[in-house]
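> Just need the structure, nothing else, for what follows:
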Amino acid sequence: MDTTSNDDLQLLRLLQMSDSALPIGSTAHSFGLETLVDDGSVTVAVLANYLRGMLAETGTLEAAYCMAAHGMAADAAEFPAAWVRLNQRLDALKSARESRAGSAALGRRFVQLARDLCEHPLLDAALSSAKQTGTGIHHCAAFGLTGAVIGVDARRSALAYLNQSVAGLVSACQRLMPLGQTAASQLLWALKPAILEAVDEAEARGISGVSAFTALIDSASLRHPTLSTRLFIS
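Numbers count the residues shown, from 1 in each chain. The predicted model follows:
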């Protein structure tokens, strides 16, 4: 297989792993958006600004951890311990239980699916080390590791992760508010520069330099179980 065809194969595999139809349960999570729509904090009029702010904070944080997980694949001997530490750090940064549990559930299912598709020893190690230590596997870290396994570079892995994350949130909004298909597509198109900016910032700062102040999202996630009716788990 020549270099061009190998690059094309990697691209096709990345497209599959970043598809919103991937069977890991992502459509069941709104990560606090349902609460914010319910209490009127997020409406169609302010949705674009909300998502840009989310990308600048949570997006930058998760892109940094996605790329860090990608880099761990280069050292198989140190990988299990480093993988556990990375996910434990993310546990500590995700203060809202529902969002933390949702991210961990998606990450575990993502790695399980990736292992079933490409049978790589690092994916086995990711699952076994997390299970042995009782550590969650966060979605962004799972995506970065899988990007490394299939041969996609760290930056493109982070871009694909944020793109599918935003697409999932916009899809949730279509079920929560009067947001039509054309408006949703226009919104996703307009958010591409914000995705690039988040990854640029994450790449420049790394996990030691990123943090996220997400009081609105965290409080919404904490209040989510109290809603009288719910479409989403988180």
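> quick one: what helix or strand has the one residue sitting closest to the centre of the chain in it?
With distances taken as CA atoms, centre = their mean, Cys140 lies nearest the centre of the chain, 4.2 Å away. With the criterion set as DSSP states H and E, the secondary-structure element containing Cys140 is helix 139-150.
> can I get the CA coordinates of that helix in CSV?
What follows is helix 139-150 as a C-alpha-only set of coordinates in CSV (Å, rounded to 0.1, in the frame of the first residue of the first chain):
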residue,chain,number,x,y,z
HIS,A,139,-14.1,10.3,25.9
CYS,A,140,-11.5,12.8,24.8
ALA,A,141,-8.7,10.6,26.0
ALA,A,142,-10.2,7.6,24.3
PHE,A,143,-10.5,9.5,21.0
GLY,A,144,-6.9,10.6,21.2
LEU,A,145,-5.5,7.2,21.9
THR,A,146,-7.6,5.7,19.1
GLY,A,147,-6.4,8.3,16.7
ALA,A,148,-2.8,7.3,17.5
VAL,A,149,-3.7,3.6,17.0
ILE,A,150,-5.2,4.2,13.5
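> Which neighbouring elements make contact with it?
For helix 139-150, the elements it packs on are helix 3-17, helix 60-72, helix 79-93, helix 97-118, helix 121-133, helix 154-176, judged by 3 or more CB pairs under 8 Å, 6 or more residues apart in numbering; DSSP states H and E. C-beta coordinates here come from the backbone N, C-alpha and C atoms, glycine included.
> can I get the CA coordinates of the longest one in CSV?
Just to be clear, that refers to helix 154-176. Output in CSV follows, covering the C-alpha atoms of helix 154-176 (Å, rounded to 0.1, in the frame of the first residue of the first chain):
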residue,chain,number,x,y,z
ALA,A,154,-2.6,14.3,17.3
ARG,A,155,-3.9,17.6,15.9
ARG,A,156,-6.3,16.0,13.4
SER,A,157,-7.5,13.7,16.2
ALA,A,158,-8.3,16.7,18.4
LEU,A,159,-10.0,18.5,15.6
ALA,A,160,-12.2,15.5,14.8
TYR,A,161,-13.1,15.0,18.4
LEU,A,162,-14.2,18.6,18.9
ASN,A,163,-16.1,18.6,15.7
GLN,A,164,-18.1,15.5,16.6
SER,A,165,-18.6,16.8,20.2
VAL,A,166,-20.1,20.1,18.9
ALA,A,167,-22.2,18.2,16.3
GLY,A,168,-23.6,16.1,19.1
LEU,A,169,-24.6,19.1,21.2
VAL,A,170,-26.2,20.8,18.2
SER,A,171,-28.2,17.6,17.5
ALA,A,172,-29.3,17.6,21.2
CYS,A,173,-30.5,21.2,20.7
GLN,A,174,-32.6,20.3,17.7
ARG,A,175,-34.5,18.0,20.1
LEU,A,176,-34.7,20.6,22.9
